[in-house]
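> coordinates only, no sequence provided:
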């Protein structure tokens, strides 16, 4: 299964002004670095949690139909925008999405089955929109705080490893903030 980002988020869950205030920055010397750190922190946490924070459009390319249902590996799913088999868009009434599940699942309608693609490699495409919503306030506050803290950590610790200190993959406080949003890996 391959995920392809079609359209990223229109904004970040944390603004430059919020990050500057959190970092206690008065000068604007770092105003190109800080947004980059916010973006990387968001992307890192989205990958870690297998979640989209701000609305994003994606395409899922399953290798084959895995039975009567397809699990969408990125949550929360807002909508299924299109399902295509060999370039032909299926009618929306030929499938149903349990988008509120975590993870979301698409089912073929009873008695209809999934059509087989002409080309087994990349013949199935599922376009969907994922994320908590379009606004930064739609993202849970602990996740926004974790983004701020991770960006601040990278701002203060510019080297990946400091001699004589233990190496931490993610600061403990960030891990604790995102723990309720973590999805078990199977």
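Yes, it's here. This structure is a prediction, so every number in the text was calculated from the model and none was measured. Numbering: from 1, shown residues only.

> partners of residue 105 in the sheet?
Under DSSP bridges, the beta-bridge partners of residue 105 are residue 71, residue 98.

> can you check residue 4 too?
Going by DSSP bridges, residue 4 forms beta bridges with residue 59.

> now do the same contact list for it.
58, 59, 61 (Cβ atoms under 8 Å, 6 or more residues apart in numbering). All C-beta atoms are positioned from the backbone trio N, CA, C, and that covers glycine.

> a strand runs through residue 125, doesn't it?
Yes - using DSSP: H, G, I helix; E, B strand; the rest coil, the secondary structure at residue 125 is a strand.

> show me what it bridges to in the sheet.
With DSSP bridges as the rule, residue 125 is bridged to residue 84.

> and the pLDDT at it?
pLDDT for residue 125: 95.

> and the gap between the spatially closest residue to residue 120 that is not a sequence neighbour and residue 109?
Counting by Cβ to Cβ, 6 or more residues apart in numbering, residue 120 lies nearest to residue 64, which is 6.7 Å off, once chain neighbours are set aside. For residue 64, the distance to residue 109 (Cβ to Cβ, to the nearest Å) stands at 19 Å.

> going by secondary structure, residue 176 is in what exactly?
Element membership of residue 176, judged by DSSP states H and E, is helix 172-178.

> which helices and strands does that helix pack with?
Contacts defined by 3 or more Cβ pairs under 8 Å, 6 or more residues apart in numbering; DSSP states H and E place helix 172-178 against helix 33-49, helix 141-156.

> how about these, which one is nearest residue 97?
helix 33-49 (20.7 Å; Cβ to Cβ).

> out of the helices and strands packed on helix 172-178, flag the one nearest residue 179.
Closest to residue 179 of the helices and strands packed on helix 172-178 is helix 141-156 (Cβ to Cβ; 8.9 Å).

> what's that closest one packed up against?
Other elements packing on helix 141-156 under the criterion 3+ Cβ pairs under 8 Å, 6+ apart are helix 16-23, helix 33-49, helix 172-178.

> give me whichever of these is most buried.
helix 33-49 (a mean of 18; mean count of other Cβ atoms under 10 Å).
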